[in-house]
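Chemist: Structure here, sequence nowhere to be found:
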Ligand code: LLP
(Lines give C-alpha, C1' and ligand atoms only; values in the text may rest on other atoms or scores of the structure.)
Protein backbone atom coordinates (compact mmCIF):
# COMPACT_ATOMS: atom_id res chain seq x y z
CA UNK A 1 0.00 0.00 0.00
CA UNK A 2 2.89 2.41 0.82
CA UNK A 3 6.09 2.51 -1.20
CA UNK A 4 8.81 4.99 -2.10
CA UNK A 5 9.27 5.58 -5.81
CA UNK A 6 11.76 8.17 -7.15
CA UNK A 7 12.16 9.45 -3.60
CA UNK A 8 8.45 10.04 -3.05
CA UNK A 9 6.08 8.27 -0.70
CA UNK A 10 3.12 6.78 -2.55
CA UNK A 11 -0.20 5.53 -1.23
CA UNK A 12 -1.66 2.97 -3.63
CA UNK A 13 0.47 4.44 -6.40
CA UNK A 14 -0.56 8.05 -5.74
CA UNK A 15 2.10 10.53 -4.59
CA UNK A 16 1.33 11.97 -1.16
CA UNK A 17 3.55 14.95 -2.11
CA UNK A 18 1.21 15.77 -4.95
CA UNK A 19 -1.78 15.56 -2.62
CA UNK A 20 0.05 17.87 -0.19
CA UNK A 21 0.72 20.39 -2.97
CA UNK A 22 -2.81 20.24 -4.33
CA UNK A 23 -4.81 20.28 -1.10
CA UNK A 24 -2.33 21.84 1.30
CA UNK A 25 -1.32 20.56 4.72
CA UNK A 26 -2.35 19.45 7.27
CA UNK A 27 -4.51 16.95 5.41
CA UNK A 28 -5.82 13.45 6.10
CA UNK A 29 -5.47 10.89 3.31
CA UNK A 30 -7.19 7.49 3.23
CA UNK A 31 -6.83 4.41 1.05
CA UNK A 32 -10.09 3.02 -0.19
CA UNK A 33 -8.39 -0.26 -1.17
CA UNK A 34 -6.98 -0.80 2.31
CA UNK A 35 -10.28 -0.09 4.07
CA UNK A 36 -12.01 -2.52 1.72
CA UNK A 37 -9.50 -5.30 2.07
CA UNK A 38 -9.53 -5.13 5.88
CA UNK A 39 -13.32 -5.16 6.02
CA UNK A 40 -13.35 -8.13 3.64
CA UNK A 41 -10.86 -9.98 5.86
CA UNK A 42 -13.32 -9.71 8.73
CA UNK A 43 -16.23 -10.81 6.59
CA UNK A 44 -14.38 -13.72 4.99
CA UNK A 45 -12.94 -15.01 8.27
CA UNK A 46 -16.42 -16.02 9.44
CA UNK A 47 -16.85 -18.40 6.51
CA UNK A 48 -20.27 -19.99 6.73
CA UNK A 49 -20.96 -18.74 10.29
CA UNK A 50 -23.95 -16.39 10.56
CA UNK A 51 -22.40 -13.01 11.28
CA UNK A 52 -22.70 -9.29 10.83
CA UNK A 53 -19.85 -6.78 10.76
CA UNK A 54 -20.93 -3.39 12.14
CA UNK A 55 -18.18 -0.86 11.47
CA UNK A 56 -17.83 1.47 14.50
CA UNK A 57 -18.52 4.88 12.97
CA UNK A 58 -16.76 6.75 15.76
CA UNK A 59 -13.37 5.66 14.41
CA UNK A 60 -13.79 7.58 11.16
CA UNK A 61 -17.15 9.05 10.21
CA UNK A 62 -16.29 10.63 6.86
CA UNK A 63 -19.20 10.05 4.45
CA UNK A 64 -16.96 8.54 1.77
CA UNK A 65 -15.52 6.06 4.27
CA UNK A 66 -19.04 5.08 5.32
CA UNK A 67 -20.09 4.86 1.67
CA UNK A 68 -17.21 2.51 0.82
CA UNK A 69 -18.24 0.25 3.69
CA UNK A 70 -21.97 0.48 2.97
CA UNK A 71 -21.30 -0.68 -0.58
CA UNK A 72 -19.57 -3.76 0.80
CA UNK A 73 -22.70 -4.53 2.80
CA UNK A 74 -21.29 -3.46 6.16
CA UNK A 75 -23.51 -2.66 9.08
CA UNK A 76 -22.69 0.27 11.37
CA UNK A 77 -22.26 0.76 15.10
CA UNK A 78 -23.37 4.28 16.06
CA UNK A 79 -23.43 6.27 19.29
CA UNK A 80 -25.45 9.38 18.43
CA UNK A 81 -28.14 10.83 16.20
CA UNK A 82 -25.31 12.59 14.39
CA UNK A 83 -23.63 9.31 13.48
CA UNK A 84 -27.04 7.92 12.47
CA UNK A 85 -27.54 10.83 10.07
CA UNK A 86 -24.08 10.30 8.61
CA UNK A 87 -24.73 6.60 8.00
CA UNK A 88 -28.06 7.33 6.32
CA UNK A 89 -26.46 10.10 4.21
CA UNK A 90 -23.84 7.56 3.08
CA UNK A 91 -26.66 5.17 2.12
CA UNK A 92 -26.11 2.71 4.95
CA UNK A 93 -29.01 0.30 5.44
CA UNK A 94 -30.98 1.12 8.65
CA UNK A 95 -31.58 -2.53 9.55
CA UNK A 96 -27.79 -2.98 9.72
CA UNK A 97 -27.35 -0.28 12.37
CA UNK A 98 -26.70 -0.99 16.03
CA UNK A 99 -26.96 1.88 18.51
CA UNK A 100 -24.42 1.73 21.36
CA UNK A 101 -23.68 4.20 24.13
CA UNK A 102 -24.49 4.89 27.78
CA UNK A 103 -26.28 8.20 27.33
CA UNK A 104 -28.87 7.92 24.58
CA UNK A 105 -31.14 10.95 24.75
CA UNK A 106 -34.86 10.92 23.93
CA UNK A 107 -34.01 12.73 20.68
CA UNK A 108 -31.38 10.08 19.82
CA UNK A 109 -33.91 7.31 20.44
CA UNK A 110 -36.65 9.03 18.45
CA UNK A 111 -34.36 9.47 15.46
CA UNK A 112 -33.22 5.83 15.60
CA UNK A 113 -36.77 4.48 15.93
CA UNK A 114 -37.93 6.69 13.08
CA UNK A 115 -35.16 5.20 10.92
CA UNK A 116 -36.09 1.68 12.12
CA UNK A 117 -32.53 0.69 12.99
CA UNK A 118 -31.57 -2.93 13.64
CA UNK A 119 -30.77 -3.07 17.36
CA UNK A 120 -30.38 -0.89 20.42
CA UNK A 121 -27.59 -2.02 22.74
CA UNK A 122 -29.05 -1.09 26.11
CA UNK A 123 -26.61 -0.07 28.83
CA UNK A 124 -28.87 0.36 31.89
CA UNK A 125 -32.29 -0.47 33.33
CA UNK A 126 -33.22 3.22 33.08
CA UNK A 127 -32.38 3.31 29.38
CA UNK A 128 -34.57 0.26 28.85
CA UNK A 129 -37.56 2.04 30.37
CA UNK A 130 -36.88 5.17 28.36
CA UNK A 131 -36.66 3.20 25.12
CA UNK A 132 -39.87 1.30 25.87
CA UNK A 133 -41.62 4.59 26.65
CA UNK A 134 -40.50 6.38 23.50
CA UNK A 135 -41.33 3.35 21.31
CA UNK A 136 -44.79 3.22 22.89
CA UNK A 137 -45.37 6.90 22.22
CA UNK A 138 -44.28 6.45 18.59
CA UNK A 139 -46.37 3.28 18.25
CA UNK A 140 -43.47 1.00 17.31
CA UNK A 141 -41.23 -1.68 18.80
CA UNK A 142 -37.47 -1.67 19.40
CA UNK A 143 -35.15 -4.65 19.07
CA UNK A 144 -32.71 -4.74 21.95
CA UNK A 145 -29.59 -6.42 23.19
CA UNK A 146 -28.30 -5.75 26.69
CA UNK A 147 -24.67 -4.68 26.79
CA UNK A 148 -23.21 -6.45 29.78
CA UNK A 149 -20.02 -5.58 31.57
CA UNK A 150 -18.09 -8.84 32.00
CA UNK A 151 -15.53 -7.33 34.41
CA UNK A 152 -12.38 -8.39 32.58
CA UNK A 153 -9.19 -6.42 32.26
CA UNK A 154 -8.53 -5.61 28.62
CA UNK A 155 -4.97 -4.55 29.52
CA UNK A 156 -5.08 -1.49 27.32
CA UNK A 157 -4.81 2.26 28.02
CA UNK A 158 -7.12 3.08 30.98
CA UNK A 159 -9.00 5.71 28.94
CA UNK A 160 -10.04 3.10 26.36
CA UNK A 161 -10.67 0.16 28.69
CA UNK A 162 -14.39 -0.36 29.14
CA UNK A 163 -15.05 -3.86 30.50
CA UNK A 164 -14.07 -3.46 34.15
CA UNK A 165 -16.73 -3.14 36.84
CA UNK A 166 -15.32 0.29 37.69
CA UNK A 167 -16.17 1.56 34.16
CA UNK A 168 -19.41 3.35 33.29
CA UNK A 169 -20.23 0.90 30.50
CA UNK A 170 -22.74 -1.92 30.31
CA UNK A 171 -24.97 -3.64 32.85
CA UNK A 172 -23.09 -5.54 35.60
CA UNK A 173 -23.27 -9.30 35.06
CA UNK A 174 -25.03 -9.80 38.39
CA UNK A 175 -27.90 -7.52 37.34
CA UNK A 176 -28.23 -8.58 33.72
CA UNK A 177 -30.71 -11.43 34.23
CA UNK A 178 -33.07 -9.09 36.03
CA UNK A 179 -32.79 -6.48 33.27
CA UNK A 180 -33.65 -9.16 30.68
CA UNK A 181 -36.64 -10.32 32.75
CA UNK A 182 -37.92 -6.76 32.78
CA UNK A 183 -37.23 -6.31 29.06
CA UNK A 184 -39.32 -9.29 27.97
CA UNK A 185 -42.26 -7.90 29.91
CA UNK A 186 -42.17 -4.51 28.21
CA UNK A 187 -44.72 -4.24 25.39
CA UNK A 188 -42.57 -2.22 23.00
CA UNK A 189 -39.30 -4.15 23.24
CA UNK A 190 -38.16 -7.30 21.45
CA UNK A 191 -35.18 -9.01 23.04
CA UNK A 192 -32.86 -10.27 20.31
CA UNK A 193 -29.31 -10.45 21.62
CA UNK A 194 -26.56 -9.67 24.07
CA UNK A 195 -23.53 -7.43 23.66
CA UNK A 196 -20.21 -6.67 25.28
CA UNK A 197 -17.25 -4.48 24.42
CA UNK A 198 -14.30 -4.51 26.76
CA UNK A 199 -11.97 -1.92 25.32
CA UNK A 200 -9.96 -0.77 22.36
CA UNK A 201 -6.47 -1.49 20.97
CA UNK A 202 -6.39 -5.00 22.48
CA UNK A 203 -3.32 -6.89 21.35
CA UNK A 204 -4.07 -10.33 22.81
CA UNK A 205 -7.04 -12.64 22.42
CA UNK A 206 -7.34 -13.85 26.01
CA UNK A 207 -9.46 -10.91 27.28
CA UNK A 208 -11.92 -11.40 24.39
CA UNK A 209 -12.17 -15.14 25.12
CA UNK A 210 -12.57 -14.54 28.88
CA UNK A 211 -15.29 -11.93 28.39
CA UNK A 212 -17.26 -14.00 25.88
CA UNK A 213 -16.97 -17.14 28.01
CA UNK A 214 -18.63 -15.21 30.83
CA UNK A 215 -21.23 -13.83 28.44
CA UNK A 216 -22.07 -17.36 27.23
CA UNK A 217 -22.68 -18.53 30.81
CA UNK A 218 -25.24 -15.77 31.13
CA UNK A 219 -26.75 -16.66 27.74
CA UNK A 220 -27.24 -20.22 29.06
CA UNK A 221 -29.02 -18.91 32.16
CA UNK A 222 -31.21 -16.72 30.01
CA UNK A 223 -32.20 -19.69 27.86
CA UNK A 224 -33.05 -21.62 31.05
CA UNK A 225 -35.21 -18.69 32.11
CA UNK A 226 -37.12 -18.87 28.81
CA UNK A 227 -35.33 -15.90 27.22
CA UNK A 228 -33.70 -17.20 24.04
CA UNK A 229 -31.31 -14.92 22.15
CA UNK A 230 -30.44 -14.82 18.47
CA UNK A 231 -27.09 -13.06 18.42
CA UNK A 232 -24.01 -12.29 20.48
CA UNK A 233 -22.35 -8.94 19.77
CA UNK A 234 -18.68 -9.17 20.69
CA UNK A 235 -18.04 -5.43 20.27
CA UNK A 236 -14.89 -4.05 18.67
CA UNK A 237 -11.44 -3.60 20.08
CA UNK A 238 -8.92 -5.56 18.00
CA UNK A 239 -5.68 -3.58 18.10
CA UNK A 240 -3.29 -2.62 15.32
CA UNK A 241 0.46 -2.22 15.05
CA UNK A 242 1.36 1.43 15.62
CA UNK A 243 4.95 0.71 16.65
CA UNK A 244 5.96 -2.74 17.81
CA UNK A 245 2.67 -4.20 19.02
CA UNK A 246 1.87 -7.67 17.73
CA UNK A 247 -1.91 -7.89 17.58
CA UNK A 248 -3.32 -11.23 16.44
CA UNK A 249 -4.40 -11.51 12.79
CA UNK A 250 -8.08 -10.87 12.08
CA UNK A 251 -8.61 -14.55 11.20
CA UNK A 252 -7.33 -15.62 14.65
CA UNK A 253 -9.54 -13.09 16.38
CA UNK A 254 -12.61 -14.24 14.45
CA UNK A 255 -11.58 -17.87 15.06
CA UNK A 256 -11.64 -17.22 18.80
CA UNK A 257 -15.12 -15.72 18.60
CA UNK A 258 -16.36 -18.69 16.56
CA UNK A 259 -14.87 -21.09 19.11
CA UNK A 260 -16.35 -19.43 22.21
CA UNK A 261 -19.76 -18.58 20.76
CA UNK A 262 -21.76 -21.71 19.79
CA UNK A 263 -23.07 -21.94 16.21
CA UNK A 264 -26.67 -21.47 17.35
CA UNK A 265 -25.93 -17.76 17.72
CA UNK A 266 -25.15 -15.26 14.99
CA UNK A 267 -21.98 -13.33 15.80
CA UNK A 268 -21.99 -9.56 15.54
CA UNK A 269 -18.83 -7.47 15.78
CA UNK A 270 -18.16 -3.72 15.91
CA UNK A 271 -14.61 -3.11 14.70
CA UNK A 272 -13.53 0.49 14.23
CA UNK A 273 -9.82 1.16 14.58
CA UNK A 274 -8.65 -2.03 12.88
CA UNK A 275 -10.70 -1.25 9.74
CA UNK A 276 -9.45 2.27 9.13
CA UNK A 277 -6.35 3.13 11.22
CA UNK A 278 -3.64 1.79 8.93
CA UNK A 279 -5.55 3.04 5.87
CA UNK A 280 -4.97 6.69 6.80
CA UNK A 281 -2.19 9.23 7.26
CA UNK A 282 -2.05 12.84 8.38
CA UNK A 283 0.33 14.77 6.17
CA UNK A 284 2.00 17.90 7.49
CA UNK A 285 4.73 20.41 6.62
CA UNK A 286 7.69 21.52 8.76
CA UNK A 287 7.36 25.27 9.34
CA UNK A 288 10.43 25.83 11.52
CA UNK A 289 13.28 23.94 13.09
CA UNK A 290 14.08 25.24 16.55
CA UNK A 291 16.85 24.25 18.90
CA UNK A 292 16.62 24.86 22.64
CA UNK A 293 19.34 24.01 25.13
CA UNK A 294 17.68 20.64 25.78
CA UNK A 295 15.82 19.63 22.61
CA UNK A 296 15.38 20.08 18.90
CA UNK A 297 11.87 20.85 17.77
CA UNK A 298 10.34 20.50 14.36
CA UNK A 299 7.36 22.84 14.44
CA UNK A 300 4.84 21.50 11.93
CA UNK A 301 1.55 22.84 10.63
CA UNK A 302 -0.51 20.03 12.21
CA UNK A 303 -1.27 20.12 15.90
CA UNK A 304 -3.05 18.40 18.76
CA UNK A 305 -6.33 19.85 17.50
CA UNK A 306 -5.85 17.87 14.26
CA UNK A 307 -4.54 14.62 15.80
CA UNK A 308 -5.26 14.41 19.51
CA UNK A 309 -4.07 10.86 20.22
CA UNK A 310 -0.44 11.66 21.14
CA UNK A 311 -1.49 14.43 23.55
CA UNK A 312 -4.40 12.50 25.06
CA UNK A 313 -3.05 8.96 25.33
CA UNK A 314 0.68 9.46 24.78
CA UNK A 315 -0.02 7.48 21.61
CA UNK A 316 2.85 6.70 19.24
CA UNK A 317 2.46 7.32 15.51
CA UNK A 318 5.26 6.53 13.10
CA UNK A 319 6.62 9.45 11.05
CA UNK A 320 7.62 9.06 7.41
CA UNK A 321 9.03 11.65 5.01
CA UNK A 322 6.93 12.40 1.93
CA UNK A 323 10.06 13.23 -0.06
CA UNK A 324 13.57 11.98 0.39
CA UNK A 325 15.62 14.91 1.75
CA UNK A 326 18.58 16.36 -0.18
CA UNK A 327 21.86 14.62 0.72
CA UNK A 328 23.23 17.59 2.68
CA UNK A 329 20.42 17.37 5.26
CA UNK A 330 21.72 15.41 8.22
CA UNK A 331 19.86 13.34 10.74
CA UNK A 332 18.94 14.65 14.19
CA UNK A 333 16.47 13.72 16.89
CA UNK A 334 13.39 15.89 16.77
CA UNK A 335 10.24 16.43 18.75
CA UNK A 336 7.43 17.06 16.28
CA UNK A 337 5.21 19.74 17.75
CA UNK A 338 2.35 21.91 16.53
CA UNK A 339 1.64 25.63 16.82
CA UNK A 340 -0.96 25.25 19.61
CA UNK A 341 -0.19 27.07 22.84
CA UNK A 342 0.25 24.02 25.07
CA UNK A 343 3.29 21.96 25.92
CA UNK A 344 1.06 18.93 25.46
CA UNK A 345 0.83 19.83 21.78
CA UNK A 346 3.12 17.17 20.42
CA UNK A 347 2.65 14.66 17.63
CA UNK A 348 5.82 12.60 18.05
CA UNK A 349 8.83 12.77 20.37
CA UNK A 350 12.48 12.05 19.90
CA UNK A 351 12.41 10.82 16.30
CA UNK A 352 15.51 10.46 14.19
CA UNK A 353 14.73 12.40 11.02
CA UNK A 354 16.51 14.33 8.28
CA UNK A 355 14.53 17.55 8.31
CA UNK A 356 14.75 20.96 6.71
CA UNK A 357 12.08 23.66 6.83
CA UNK A 358 9.45 22.88 4.21
CA UNK A 359 9.91 19.11 4.57
CA UNK A 360 6.66 17.24 4.40
CA UNK A 361 5.85 14.32 6.64
CA UNK A 362 3.19 11.69 7.16
CA UNK A 363 1.95 10.62 10.57
CA UNK A 364 1.11 7.00 9.95
CA UNK A 365 -1.88 4.96 11.13
CA UNK A 366 -3.96 8.11 11.56
CA UNK A 367 -7.10 6.82 9.83
CA UNK A 368 -8.86 5.93 13.09
CA UNK A 369 -9.69 8.41 15.85
CA UNK A 370 -7.91 11.11 13.85
CA UNK A 371 -10.18 13.56 12.06
CA UNK A 372 -13.17 12.55 14.20
CA UNK A 373 -11.36 13.78 17.31
CA UNK A 374 -10.14 17.00 15.70
CA UNK A 375 -11.28 20.27 17.23
CA UNK A 376 -11.09 23.96 16.44
CA UNK A 377 -8.88 24.79 19.43
CA UNK A 378 -6.86 27.95 18.80
CA UNK A 379 -9.44 28.76 16.08
CA UNK A 380 -7.80 26.32 13.72
CA UNK A 381 -9.95 25.04 10.85
CA UNK A 382 -10.10 21.25 10.71
CA UNK A 383 -8.06 19.63 7.93
CA UNK A 384 -9.47 18.34 4.65
CA UNK A 385 -9.84 14.62 3.95
CA UNK A 386 -8.78 12.93 0.71
CA UNK A 387 -9.56 9.38 -0.39
CA UNK A 388 -7.25 7.61 -2.80
CA UNK A 389 -9.37 5.35 -4.99
CA UNK A 390 -8.04 3.44 -8.00
CA UNK A 391 -5.13 5.81 -8.58
CA UNK A 392 -7.18 9.00 -8.15
CA UNK A 393 -7.13 11.30 -5.12
CA UNK A 394 -10.64 12.54 -4.32
CA UNK A 395 -11.24 15.41 -1.93
CA UNK A 396 -13.95 13.95 0.31
CA UNK A 397 -14.09 16.77 2.84
CA UNK A 398 -12.97 20.32 2.16
CA UNK A 399 -10.74 22.19 4.57
CA UNK A 400 -12.90 24.09 7.01
CA UNK A 401 -12.98 27.82 6.32
CA UNK A 402 -12.19 30.41 8.97
CA UNK A 403 -15.60 32.17 8.67
CA UNK A 404 -17.27 28.75 9.20
CA UNK A 405 -15.61 28.61 12.62
CA UNK A 406 -17.82 31.37 13.99
CA UNK A 407 -20.75 31.21 11.57
CA UNK A 408 -23.13 30.16 14.36
CA UNK A 409 -22.02 32.88 16.75
CA UNK A 410 -23.59 36.30 17.31
CA UNK A 411 -22.45 39.54 18.84
CA UNK A 412 -24.42 41.03 21.71
CA UNK A 413 -26.59 44.00 20.74
CA UNK A 414 -24.69 47.29 20.73
CA UNK A 415 -24.59 48.91 24.16
CA UNK A 416 -27.12 51.75 24.50
N1 LIG B 1 -18.07 -0.73 20.04
C2 LIG B 1 -18.16 0.06 21.12
C3 LIG B 1 -19.33 -0.04 21.98
C4 LIG B 1 -17.14 0.98 21.40
O5 LIG B 1 -17.22 1.75 22.47
C6 LIG B 1 -16.01 1.07 20.52
C7 LIG B 1 -14.93 2.03 20.77
C8 LIG B 1 -15.98 0.23 19.40
C9 LIG B 1 -17.02 -0.67 19.20
C10 LIG B 1 -14.85 0.24 18.41
O11 LIG B 1 -13.67 -0.17 19.00
P12 LIG B 1 -12.33 -0.32 18.12
O13 LIG B 1 -12.53 -1.50 17.21
O14 LIG B 1 -12.16 0.94 17.38
O15 LIG B 1 -11.27 -0.52 19.13
N16 LIG B 1 -10.26 7.37 20.87
C17 LIG B 1 -9.57 6.16 21.31
C18 LIG B 1 -10.41 4.92 21.09
C19 LIG B 1 -11.78 4.97 21.76
C20 LIG B 1 -12.61 3.74 21.52
C21 LIG B 1 -13.99 3.92 22.03
N22 LIG B 1 -14.90 2.84 21.76
C23 LIG B 1 -8.23 6.10 20.60
O24 LIG B 1 -7.90 6.99 19.83
O25 LIG B 1 -7.46 5.19 20.84
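Modeler: On my side now, so go ahead. These figures come from a predicted structure and were not determined experimentally.
Chemist: Could you use CA atoms for every contact and neighbour count after this?
Modeler: Will do.
Chemist: so where's this protein shaky on pLDDT?
Modeler: The chain contains residues with pLDDT under 70 at 159-161, 163.
Chemist: Near the ligand, which residues of it are found?
Modeler: Residues of the chain lying near the ligand by Cα under 6 Å from any ligand atom: 56, 59, 100, 160, 197, 200-201, 235-238, 270-274, 309, 369.
Chemist: what about 8 Å?
Modeler: 55-56, 58-59, 77, 79, 100-101, 159-160, 162, 196-197, 199-202, 235-239, 269-275, 308-309, 313, 315, 368-370, 373 (Cα under 8 Å from any ligand atom).
Chemist: Got a quick PyMOL command for the buried subset of those?
Modeler: In PyMOL, a selection of the buried entries from the residues of the chain next to the ligand looks like this (16 or more other Cα atoms under 10 Å):
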select buried, resi 55+56+58+59+77+79+100+101+160+162+196+197+199+200+201+202+235+236+237+238+239+269+270+271+272+273+274+275+308+309+368+369+370+373
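Chemist: Next step: the residues of the chain next to the ligand restricted to helices.
Modeler: Judged by DSSP state H, helices contain the following of the residues of the chain next to the ligand: 273-275, 309, 313.
Chemist: want to throw the residues you listed into CSV with distance to residue 248?
Modeler: CSV is the format used below for those (distance: Cα to Cα, whole Å):
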residue, distance to residue 248
273, 14
274, 11
275, 14
309, 22
313, 22
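Chemist: Show me the two of these that sit farthest apart.
Modeler: Using Cα to Cα, the pair of those lying farthest apart is 275 and 313, separated by 20.1 Å.
Chemist: Of the residues of the chain next to the ligand, which belong to strands?
Modeler: 55-56, 77, 269 (DSSP state E).
Chemist: Run through the helices of the chain in chain order.
Modeler: Using DSSP H, helices in the chain cover 16-23, 32-45, 63-72, 81-89, 106-115, 125-138, 173-185, 206-224, 250-260, 273-276, 309-313, 402-405.
Chemist: Identify, out of those helices, the most deeply packed stretch.
Modeler: helix 273-276 (a mean of 27; mean count of other Cα atoms under 10 Å).
Chemist: on that earlier part again, closest one to residue 172 out of the ones in strands among the residues of the chain next to the ligand, please.
Modeler: Distance to residue 172, by Cα to Cα, is smallest for residue 269 among these, at 20.4 Å.
Chemist: my guess is the closest one contacts residue 236, does it?
Modeler: Yes: the criterion here is Cα atoms under 8 Å, and residue 269 meets it with residue 236 at 6.0 Å.
Chemist: Adjacent strands (with direction) for the longest strand belonging to the chain?
Modeler: Longest strand in the chain by number of residues (criterion: DSSP E): strand 280-291. Strand 280-291 has its sheet partners listed here by DSSP bridges as strand 27-31 (antiparallel), strand 296-300 (antiparallel), strand 360-363 (antiparallel).
Chemist: quick one: that strand to helix 16-23, angle?
Modeler: Per axes from the mean of the first three to the mean of the last three Cα atoms, to 10 degrees, the angle that strand 280-291 makes with helix 16-23 is 90 degrees.
Chemist: tilt between strand 280-291 and helix 32-45?
Modeler: Using the same axes, to 10 degrees: strand 280-291 against helix 32-45 is 130 degrees.
Chemist: Residues contacting strand 280-291, please?
Modeler: 16, 20, 25-31, 296-302, 355-368 (Cα atoms under 8 Å, 6 or more residues apart in numbering).
Chemist: Then stretch 115-127?
Modeler: 94-102, 104, 128, 142-148, 169-171, 179, 194-195.
Chemist: picking that back up, so can I have CSV of the strands paired with strand 280-291 showing distance to residue 51 and mean neighbour count?
Modeler: Below are the strands paired with strand 280-291 laid out as CSV (distance: least, Cα to Cα, whole Å; neighbours: other Cα atoms under 10 Å):
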stretch, distance to residue 51, mean neighbour count
strand 27-31, 26, 27
strand 296-300, 44, 23
strand 360-363, 34, 24
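Chemist: These: which one's closest to residue 224?
Modeler: Closest among these, using Cα to Cα: strand 27-31, at 47.6 Å.
Chemist: With residue 395 as the reference, name the closest of the helices of the chain.
Modeler: Ranking the helices of the chain by proximity to residue 395 (Cα to Cα) places helix 16-23 first, at 8.1 Å.
Chemist: Which strands or helices does the closest one pack on?
Modeler: strand 8-11, strand 280-291 (3 or more Cα pairs under 8 Å, 6 or more residues apart in numbering; DSSP states H and E).
Chemist: okay if I get those strands as TSV plus mean neighbour count?
Modeler: Shown next, in TSV, are the helices and strands packed on helix 16-23 (neighbours: other Cα atoms under 10 Å):
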stretch	mean neighbour count
strand 8-11	21
strand 280-291	21
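Chemist: how much space between the residue nearest in space to the middle of the chain and residue 165?
Modeler: The centre of the chain sits closest to residue 59, judged by Cα atoms, centre = their mean, with a distance of 1.6 Å. Remark: distance between residue 59 and residue 165 (Cα to Cα, to the nearest Å) = 24 Å.
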